[in-house]
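*Asks:* My questions concern the predicted model and sequence given below.
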Protein chains: 2
Amino acid sequence: MMQTPLILSTFITRAERFFPNKMVISRTGEQCIQRFTYREWAKRTRKLSNALTQLGMKHGTKVGTFAWNHHRHLEAYFAVPCTGAILHMINIRLSPEHIMYIINHAEDEILLVDAEFFPHLEKMAPMLKSVKHFVIMGDSKDIPETTLENVHSYEALLESASDEYDYPQDLDENTPAGLCYTSATTGLPKGVIYTHRGLVLQSYALGLSDAMGVCERDIAMSVVPMFHVNAWGIPFAGVFYGTTQVLPGPGFNPAVLLDLIESEKVTITAGVPTIWLAVLKELEQSPRDISSLRGIVCGGSASPKGLIRTFEEKYKVPFIVGYGMTETSPLVSLSVLTSSMDNLTTDERIDRRALQGLVMPGLDIRVVNENGEVPWDGETMGELTVRGPWIASEYYKDERTEEAFKDGWLYTGDIAVMTEDGYLKLTDRTKDLIKSGGEWISSVDLENALMSHDDVYEAAVIAVPHEKWMERPLACVVLNENVAEDDAKVQELKDSLKVQFASWWIPDEILFVKEIPKTSVGKFLKAALRDQLKEHYTKK
Amino acid sequence: MMQTPLILSTFITRAERFFPNKMVISRTGEQCIQRFTYREWAKRTRKLSNALTQLGMKHGTKVGTFAWNHHRHLEAYFAVPCTGAILHMINIRLSPEHIMYIINHAEDEILLVDAEFFPHLEKMAPMLKSVKHFVIMGDSKDIPETTLENVHSYEALLESASDEYDYPQDLDENTPAGLCYTSATTGLPKGVIYTHRGLVLQSYALGLSDAMGVCERDIAMSVVPMFHVNAWGIPFAGVFYGTTQVLPGPGFNPAVLLDLIESEKVTITAGVPTIWLAVLKELEQSPRDISSLRGIVCGGSASPKGLIRTFEEKYKVPFIVGYGMTETSPLVSLSVLTSSMDNLTTDERIDRRALQGLVMPGLDIRVVNENGEVPWDGETMGELTVRGPWIASEYYKDERTEEAFKDGWLYTGDIAVMTEDGYLKLTDRTKDLIKSGGEWISSVDLENALMSHDDVYEAAVIAVPHEKWMERPLACVVLNENVAEDDAKVQELKDSLKVQFASWWIPDEILFVKEIPKTSVGKFLKAALRDQLKEHYTKK
């Protein structure tokens, strides 16, 4: 067979040759939607490659992006790696300290920055050791007033650059293409390198009928940020398959997303549960036509069943839960319904949709405890380990590699069970698992049960130190608007749990709170809750 | 990223772990259908690996199969390559001379032979230099009476073999997995080696929504023989995705295929036009319920539009034409309808379906003539060249490599045009192209036009030497039953061509024949017709 490498430049070539008139639809601000054909987008991408090369980008150079989801970010997604350089997607929501750390740790030499964020980065500039150029991304060619040298306008650079760039066709497919840091719950962020090979293979998986089935006919809207784990791979797969892409840009809100779904006839979209909860609330208040949707993909944390049920039953939109993490590129599994589930009742089907689902073709998993792989019985918990060609093998220049990567497997830190029919079900993070009197209690199972209650908006269950049992569960619950926070409600919620769980699983207390603290990517920040409430059971 | 190799043993592991209860349904004879779960099939496959290892199979050993499509053949598809050995699929329809040549050329050491074919091979045995063992595949454990030593029963070997075999997980993905010889129209067959990497990547392509979309829910029936180019990759993809597989076994006929579609609720099937013409004839005479079908894939030679139209319009089954060849594993393109074709009329849609279609993600093509790549105008013809990770880079130990593999491209020997929207349309084989007075005439276009006539069953158009024009087209036509072969019909057919083609394209003569000679894989054997009729225009 030919030794044709699996590299991203083949995607751009495919899009411009076979789908030159398909669209990249980019919202760059309030009331501002720009439209580019793939032919135009590919030319702009090649211009960007030339412009960055003139700024000193070489094979292996790290180029950071600090930006929303828009066409320029999508240009950078290809313009950087296709030359052999490395795209570092910087999470804009990290603390300034962590942002400085990762830029220095990655040794970024060029930063592509949305104009609105430039003041933020400008302040850090003296501490950014490796950065030689700032490129301001915005519709204008003006450069903001600054004392820094080497600040360029993205559009001005493109204007003067050639739109011809012959991407190397013999690039080794194991060449690093991307770099993303995961915000560890404690300590500094950890970096993960994505190779061309890994991203190409994940893109194949995304296109499978048994996965998202991203295809030419799709109009895909990436709500998940492009600064977060390749926006789950959809921008890459979209170019590969000639999919129309909708990028919702800066400061979007649920109304903006729904307007885009309606006006652009979006067929598939992906984001975290918090987004879809807010979108659903907006949708119920101000109905839109979302009948174009053939699927909503949801991951990042557990999805409330009420959310899934409403989209599936009321709006007839399949709601597909997925699982992945920065270390896995991220696609590991999706709750696609297999043929064995054809005869499920509606309730059973929703239960299945809420799980993490079927592991992608090409990956292998093991759920392990101290005795080895656990039986697939839907009950026995263990740590999920993953292996495959788009799974990281290390943290970038980081000693914590050896904690997570052992014997050829990634230890995810997630506690899971496998159903008898091979569906993955996450039950907890290792750190969030509640160990009560020597038994394991899944905080996620309790949260899901609470969040399926009609009156509950969000719920987090945490382990709190306990004199007798070592740890006992405590539930923090956000009620829906206009629901009274009284003892009767506490009892009602506890009663609803009692019919589902053993008595020793029931949280000793349920606290009503105004919101659950979240990480920069929208996950429950249970470490903060645990810290805040660590003496709740002992101080009494 | 982890350096997890792309190897076929991951498919078998996936099937037995995630889809242990999905089925391999194998017709092994008249009225005999055997059913195996993937769990059982995987155990049998591991047994076969052990049994063959005991017979001396090692890394790199060539093991030939001489068999119909059945579960044992599917076991061999994995049991041989997963160990690092090489499966040589022998085309049972080759001449004895060519069969002996390819077994000797491949240096097969073990042959797995359907019981019914053993007498055929037994006669050749003295000339088979490398073969050390014959393994008889059949439902019985009896060995046929023979003077040969080292003849074994497949089922007896399996019975005494262990069902545990740890396939090497660190096998280099570029290890040869399969070997298939293509019957050249002149000269000896040419061998093509398939690697694990190539077969895995093609399997991903087969599962894409934009391709066949082979998936867990499918019930796939491979009509294309497993001795012919990996049965178009479906047996491999089927195991990967946990697809139920239906294997129609020995000596099937259209009635058998239709019965299987109806009884097993087949969702997707693949074969050559000759098969589907015969199936359609049977279906029209004896109706069956084929409503389970979501697609018929057809390749190998041009599909008559009437065939496509009847399946699409009357039976509501999408009829998808594909293109590929032994050298391309074989999947190159499929006539999946892209979104730009949504507003086509029925006729236009059928026209599109009849083309070779959209090139698979991961492959690149060029249609070239003496001036380089031809414009995508739907008119300019050139030779199709293909490149990609599941395209061969050479013929196995064969000097003819340099004729077909040049500058990193496979020169297919097929003449094609590209439509403006990037659809591939084959117009001829380079050898079948008619060069009349310095202009090119596509024999395939003329054949398709003739075959779309209601009275025509099959038609072949060939170049015949001509004193004035060098070559002129001659049409050989098989009329449907009960249609009179008279001058009026000749004129009617010519008139039907005149409205579609320039006058100089019209064949000077139309001959009515009883059948078109075909190659062992069902393609028109135009070389034979050309030879037979080479003096037709000059002898007068």
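*Replies:* Yep, that arrived.
*Asks:* contacts and neighbour counts: CA atoms only from here.
*Replies:* OK.
*Asks:* near chain B, anything from stretch A:5-16?
*Replies:* Yes: counting by CA under 8 Å from any CA of the partner chain, contacts between stretch A:5-16 and chain B involve A:5, A:6, A:10, A:14.
*Asks:* Export that stretch to CSV, keeping only CA atoms.
*Replies:* Presented in CSV, the C-alpha positions along stretch A:5-16 are these (Å, rounded to 0.1, in the frame of the first residue of the first chain):
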residue,chain,number,x,y,z
PRO,A,5,0.5,10.0,5.6
LEU,A,6,-2.7,10.8,7.6
ILE,A,7,-2.2,14.5,7.8
LEU,A,8,-4.6,17.5,8.1
SER,A,9,-3.6,19.2,4.8
THR,A,10,-5.4,16.4,3.0
PHE,A,11,-8.6,17.8,4.6
ILE,A,12,-8.2,21.3,3.3
THR,A,13,-7.3,19.9,-0.2
ARG,A,14,-10.5,17.8,-0.1
ALA,A,15,-12.7,20.7,1.0
GLU,A,16,-11.4,23.1,-1.7
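*Asks:* what does the stretch 51-200 of chain A have sitting close to chain B?
*Replies:* Counting by CA under 8 Å from any CA, the residues of the stretch 51-200 of chain A lying close to chain B are A:193, A:194, A:195, A:198.
*Asks:* What's opposite the first one in the beta bridge?
*Replies:* By that I understand residue A:193. Legend: beta-bridge partners of residue A:193 under DSSP bridges are residue A:179.
*Asks:* Just send the residues of stretch A:5-16 next to chain B back as JSON lines, with secondary structure and pLDDT too.
*Replies:* Below are these laid out as JSON lines (DSSP: H, G, I helix; E, B strand; the rest coil; pLDDT from 0 to 100):
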{"residue": "A:5", "secondary structure": "coil", "pLDDT": "98"}
{"residue": "A:6", "secondary structure": "coil", "pLDDT": "98"}
{"residue": "A:10", "secondary structure": "helix", "pLDDT": "98"}
{"residue": "A:14", "secondary structure": "helix", "pLDDT": "97"}
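*Asks:* May I ask which of those has the most neighbours?
*Replies:* Taking other CA atoms under 10 Å in any protein chain shown as the neighbour criterion, residue A:6 ranks highest of the residues of stretch A:5-16 next to chain B with 24 neighbours.
*Asks:* My read is that that residue contacts residue A:203, right?
*Replies:* No: counting by CA atoms under 8 Å, no contact exists between residue A:6 and residue A:203, whose distance comes to 10.7 Å.
*Asks:* can you give me how far stretch A:222-237 is from the chain middle?
*Replies:* 7 Å (CA atoms, centre = their mean, to the nearest Å).
*Asks:* what's the answer for stretch A:32-43, then?
*Replies:* How far stretch A:32-43 lies from its chain's middle: 25 Å, per CA atoms, centre = their mean.
*Asks:* wait, does it contact chain B?
*Replies:* No: counting by CA under 8 Å from any CA, chain B is not contacted by stretch A:32-43; separation bottoms out at 12.9 Å.
*Asks:* what's the closest of the residues of stretch A:5-16 next to chain B to residue B:163?
*Replies:* Residue B:163 lies nearest to residue A:6 out of the residues of stretch A:5-16 next to chain B, by CA to CA, at 35.6 Å.
*Asks:* ok now do that closest one, which residues does it touch?
*Replies:* Listed by CA atoms under 8 Å, 6 or more residues apart in numbering or on different chains, the contact set of residue A:6 reads A:173, A:196, A:197, A:200, A:201, B:362.
*Asks:* Can you tell me which of those has the largest number of neighbours?
*Replies:* Within these, most neighbours by other CA under 10 Å means residue A:196, with 27 neighbours.
*Asks:* So for it, what's the pLDDT?
*Replies:* On the pLDDT scale, residue A:196 is placed at 98.
*Asks:* thought it was touching residue A:175?
*Replies:* Yes: Residue A:196 is within contact range of residue A:175, at 6.1 Å (criterion: CA under 8 Å).
*Asks:* Distance check, residue A:489 against chain B.
*Replies:* Here residue A:489 is placed at a distance of 42 Å from chain B (CA to the nearest CA, to the nearest Å).
*Asks:* helices or strands up against the host helix or strand of that residue?
*Replies:* Assigned by DSSP states H and E, residue A:489 belongs to helix A:487-498. Helices and strands touching helix A:487-498, by 3 or more CA pairs under 8 Å, 6 or more residues apart in numbering or on different chains; DSSP states H and E, are helix A:443-451.
*Asks:* Contacts only, for the closest residue to chain B within the stretch 351-500 of chain A.
*Replies:* At 4.0 Å from chain B, residue A:392 is the closest residue in the stretch 351-500 of chain A, using CA to the nearest CA. Taking CA under 8 Å, 6+ apart, we find residue A:392 in contact with A:192, A:193, A:194, A:327, A:328, A:329, A:410, B:1, B:2.
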